[in-house]
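S.K.: no FASTA, just this:
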């Protein structure tokens, strides 16, 4: 694809629609654990779930399709089209295949789709392998820390640590003050997860179908695609 083929001659209407999308984008919850990097990341389902409604509401059609690439590589085009004006923008991502077989191709396709879509919409995601490696080379800048790690802090850092985030690991039920204020429902348990934007979320699991009215009253929202009740922790 030639550089001039990445966009339509005019993109004013598309840009206005994308601004509206970015105003309403929902965070992609990190819903999968990578056993090799020991970190959580947002899957393609989570990324799509976080942006689908915003794109449809603004009349933007998103499509992703493979294109020919050099041997051993996958080529993927991601295209955003404004339905009313016909204006569009696209990107081409080429990445090496982990294995030259259907399984390797499918894995690379899923990986490339969430990479490319997140980049075009300005979504911040933390990836399951190289993103974790890159994070070791840059200063931490998350507003909400992850679950405490087992290392022992120095005496000076322990004195400077905010009272709300003690240096020692805590059980899940006391890791965040919001968990203590949640309703105790038979058969329902609560866990925390870090959202794509760094904010802490609370997930409800277990016998939630029989407690949906109580969960809704407590501020939880039902994610139909991922089959999970969730809410932001700071709204508790």
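M.R.: Now that the structure is in, tell me what you want to look at. Remember, predicted model here, so these are calculated numbers, not experimental data. Numbers count the residues shown, from 1 in each chain.

S.K.: Please enumerate the strands of this structure.
M.R.: For the chain, the strands defined by DSSP state E cover 32-34, 39-41, 60-67, 73-82, 88-96, 188-194, 200-206, 221-223, 228-232.

S.K.: So which elements touch the fifth one?
M.R.: Right, strand 88-96. Judged by 3 or more C-beta pairs under 8 Å, 6 or more residues apart in numbering; DSSP states H and E, the packing partners of strand 88-96 are strand 73-82, helix 102-121. The C-beta positions use only the backbone N, C-alpha and C, and glycine is treated the same way.

S.K.: Check which helices and strands the longest one sits against.
M.R.: If you count contacts as 3+ C-beta pairs under 8 Å, 6+ apart, helix 102-121 packs onto helix 12-24, helix 44-57, strand 60-67, strand 73-82, strand 88-96.

S.K.: show me where pLDDT drops low in the protein?
M.R.: Scanning the chain with the threshold set as pLDDT under 70 gives 1-4, 33-39, 124-176, 196-197, 225, 235-236.

S.K.: Tell me if I'm right that residue 223 and residue 208 touch.
M.R.: No. Here residue 223 lies out of contact with residue 208, judged by C-beta atoms under 8 Å, at a distance of 11.4 Å.

S.K.: Neighbour count: these two, which is higher?
M.R.: A count of neighbours by other C-beta atoms under 10 Å puts residue 208 above the other of residue 223 and residue 208, at 20 against 17.

S.K.: tell me the centre residue of this structure?
M.R.: Among the residues of the chain, the one closest to the centroid is residue 28, at 2.8 Å (C-alpha atoms, centre = their mean).

S.K.: list the contacts for the residue nearest to residue 210 when sequence neighbours are not counted?
M.R.: Nearest non-adjacent residue to residue 210, counting by C-beta to C-beta, 6 or more residues apart in numbering: residue 187, 7.2 Å away. Contacts were defined as C-beta atoms under 8 Å, 6 or more residues apart in numbering; by that measure residue 187 touches 206, 207, 210, 211.

S.K.: cutoff 10 Å now
M.R.: Counting by C-beta atoms under 10 Å, 6 or more residues apart in numbering, residue 187 makes contact with 205, 206, 207, 208, 209, 210, 211.

S.K.: Okay then, goodbye and thanks.
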